[in-house]
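Q: Next one to model:
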Amino acid sequence: MNAGTMILLCGGLALGCWVLAKIGHAVTKALESLAAIAAVFVALWLAVKGAYLGARWLVRHLRTVGTTAAVIAWWHWLGWPSLAITFAATAAGLGVWRWCSVGTFDVRAGRRIRAWWQRWTVYAPRMPRWLRACRLTVPDDRHALVINVNPLRRSGAVPRQRPRRDQTPRILGVRSGPSWDEVQVRLVPGQTPEDVDEAARALAVARGVARCQVRELEPNVVSIDFQRRNLLADVVACPDVAELRQVAGDGLDLSRVWSGRTEYGTDWHQPLAGGHILCAGATGAGKNSVMWAPLVSIGPAIRDGLCRVSGIDPKGMELAYGRDIFHRYAVTSKDALELLDDLIGGMEARKREHAQKVRTVPITRENPLELLEFDEIGALVRYVGDRKTREAITERVALLTTQGRALGYTVRGYVQEPTKDTVPVRDLFPRRICLRVATKSHVGMVLGEHAYDRGAWANRVGESEAGVGYLFGEGIREPLRVRAAWVPDDAIKALEQLVTGSAPLAIPGPRAVLPFPQAAGAPTGGAA
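A: Numbers count the residues shown, from 1 in each chain. Got it, this is the predicted structure:
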């Protein structure tokens, strides 16, 4: 190779290096420009996302953010002494308000303060952990399996990852009443309200409360309600019969009769006109309270002929104590059949009289409400008497419950064992009351298949809580815990005197008395 060739090769190599250098510089500048553009876009995207999330958080927690901002501004501009004095004066004013009027304080201020405090000190930090412990999160099956290899062995492990936002239900808000906290939760895809229903007992244990109830607000939103206080621990007294003497019978609403208290501290009203009721409960559960409390409330209507009460009392003891209250009365299966035939005969006559005129017969003295109190209904339709008589009684009860509603005939039955064999007409009662029962299966027999999952734990009612039970059925979306008013023997005798128009019966000794039925507002967390 001569010198000329060497010069050409070196010149070509130098030219190639120069071209490559130029290309490299151009590519570097292009990549730097692209990186700068990408960095700008990423920073802009993060800024927009951060602003959106921050704005959404501010909107969702507007009161908390506004209060915090106001406190900081006050501290900065006016100093901490004036802020401390203002806080102390406000706290003292709220304390005096609560001491003077607990009711108005709780309605207008207490429940809001309590809801805010419970959300940020209890539910926001602890609820996600409770939901995970109760298996109310959607698992992620896409975790990669990591294989660790060493000279001695191979082992596989799934890396631990924190749950994502789309795996754990999110708290939307907290409301707080005198006895309940309502935590509204948005479910994540893959969950149903029934999943939360099944975990209600576990959630109650996690929260450390006696009861937890789940209500479906929207297809993907539920309210998990925790009972902080038991407002039904004390006995509820019945109205004073002496005060009822001044009440006109036509002034009572027989479709909304005061019967006791609800778990929300409001009055419990139940319909005697336009709704049949089946009450189930073990011995000593308080079925007598459920029976007698409404009768005391409608005493003036019975006195004025707007309601006629019939009683079937297989034991011959419970209703016999107030025998003069009842227009018809039967103990044996034969007498019960005659009583039912008399009611059906009157119902048929009323049907012929009002056919093609009205859809619902109005309650008047000419057409009074015919109320049948059927104590121990299982005794006459299952256990007592011959088979033909039992079948005949069952057929009459079925006729009254299927046709009597619009005609002013109401049946209220009471039973200890709510199985289908004992009460074959169980499904014809649109409203059900389940007091203390022996087993969990009885709750489903009385209130429906999913009533226990929704919080109707009637098998856990204590023996000292006579009259406490759960109401479910027509017009009630979720099981409602109630306590019927206790009616002592002297009140029953006083009611007899009121109905028959005899001289007032002297009732010895002072007795705690609730005011006669007052209209109650809609309770927090349920409906009365």
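Q: What ranges in the stretch 201-350 of the chain fall below the confidence cut-off?
A: Low-confidence segments of the stretch 201-350 of the chain, defined by pLDDT under 70, are absent.
Q: how much space between Lys351 and Lys334?
A: Taking Cβ to Cβ, to the nearest Å as the measure, Lys351 and Lys334 are separated by 26 Å. For the C-beta atoms, the positions are set from N, CA and C on the backbone; glycine is no exception.
Q: How about Pro178?
A: Using Cβ to Cβ, we find Pro178 at a distance of 51 Å from Lys334.
Q: didn't Asp489 look like it was pressed against Gly322?
A: No: under the criterion of Cβ atoms under 8 Å, Asp489 makes no contact with Gly322, lying 9.3 Å away.
Q: still on that earlier bit, looking at Pro178 and Lys334, which is more packed in?
A: Here Pro178 and Lys334 are compared on neighbour count by other Cβ atoms under 10 Å; more neighbours surround Pro178, at 20 against 13.
Q: hang on, that one packs against Leu231?
A: Yes: applying Cβ under 8 Å as the test, Pro178 and Leu231 come out as touching, 6.9 Å apart.
Q: Overlap of the contact sets of these two?
A: Tyr264, Gly265 (Cβ atoms under 8 Å, 6 or more residues apart in numbering).
Q: can you give me the strands for the stretch 151-300 of the chain?
A: Listed in chain order, the strands of the stretch 151-300 of the chain (DSSP state E, counting those that start in this stretch) span 154-157, 170-176, 180-186, 212-218, 221-227, 257-262, 267-270, 277-280.
Q: quick one on the thing from earlier: where do the contact lists of Asp489 and Gly322 overlap?
A: Residues within reach of Asp489 and of Gly322 at once, by Cβ under 8 Å, 6+ apart: there are none.
Q: Comparing the two, which residue is more hemmed in?
A: More neighbours surround Gly322 than the other of Asp489 and Gly322, with 23 against 9 (other Cβ under 10 Å).
Q: Could you verify my assumption that that one touches Gln497?
A: No: look at Gly322 against Gln497 with Cβ under 8 Å: they stay out of range, at 10.5 Å.
Q: SS state for Gly311?
A: Using DSSP: H, G, I helix; E, B strand; the rest coil, the structure places Gly311 in strand.
Q: which residues touch it?
A: Leu319, Ile325, Phe326, Arg328, Tyr329, Ala330, Leu372, Glu373, Asp375.
Q: repeat that with 6 Å
A: Contacts here follow Cβ atoms under 6 Å, 6 or more residues apart in numbering; on that basis Gly311 touches Leu319, Phe326, Tyr329, Glu373.
Q: for Val415, same thing?
A: Contacts were defined as Cβ under 6 Å, 6+ apart; by that measure Val415 touches Ala280, Ile377, Gly378, Val423.
Q: Let's have these in CSV, adding distance to Arg387.
A: Formatted as CSV, the contacts of Val415 follow (distance: Cβ to Cβ, whole Å):
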residue, distance to Arg387
Ala280, 24
Ile377, 17
Gly378, 15
Val423, 16
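Q: Could you rank those by neighbour count and give me the top one?
A: Using other Cβ under 10 Å as the neighbour definition, the contacts of Val415 reach their maximum at Ala280, which records 31 neighbours.
Q: In contact with the residue lying closest to that one once chain neighbours are set aside, which residues?
A: Using Cβ to Cβ, 6 or more residues apart in numbering and skipping the chain neighbours, the partner closest in space to Ala280 is Pro418 (4.1 Å). Residues in contact with Pro418 (Cβ under 6 Å, 6+ apart) are Ala280, His442, Met445, Val446.
Q: Among those, name the buried ones.
A: Buried members of these, scored by 16 or more other Cβ atoms under 10 Å, are Ala280, His442, Met445, Val446.
Q: Could you dump those into CSV with distance to Thr266 added?
A: Converted to CSV, the buried ones among the contacts of Pro418 look like this (distance: Cβ to Cβ, whole Å):
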residue, distance to Thr266
Ala280, 24
His442, 27
Met445, 28
Val446, 23
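Q: Among those residues, which pair sits farthest apart?
A: Between all members of the buried ones among the contacts of Pro418, the longest pairwise span (Cβ to Cβ) is found for Ala280 and Met445 and amounts to 7.7 Å.
Q: what pairs with the longest strand along the chain, and is each one parallel or antiparallel?
A: Here the longest strand in the chain is taken by residue count, with DSSP state E as the criterion, and it is strand 476-484. Strand 476-484 has the following strand partners under DSSP bridges: strand 257-262 (antiparallel), strand 468-473 (antiparallel).
Q: which one of those strands lies closest to Thr360?
A: Of the strands paired with strand 476-484, the one closest to Thr360 (Cβ to Cβ) turns out to be strand 257-262, at 17.6 Å.
Q: Tell me the pLDDT of Leu152.
A: What the model reports as pLDDT for Leu152 is 59.
Q: of all the contacts of Gly311, which two lie farthest apart?
A: Looking at those by Cβ to Cβ, the two members farthest from one another are Tyr329 and Glu373, with 9.8 Å of separation.
Q: average pLDDT for stretch 366-384?
A: Averaged across stretch 366-384, the pLDDT comes to 85.
Q: for the helix or strand where Leu371 lies, packing partners?
A: In this structure, Leu371 sits in strand 369-374 according to DSSP states H and E. Secondary structure elements in contact with strand 369-374, counted by 3 or more Cβ pairs under 6 Å, 6 or more residues apart in numbering; DSSP states H and E, are strand 307-312, strand 409-415.
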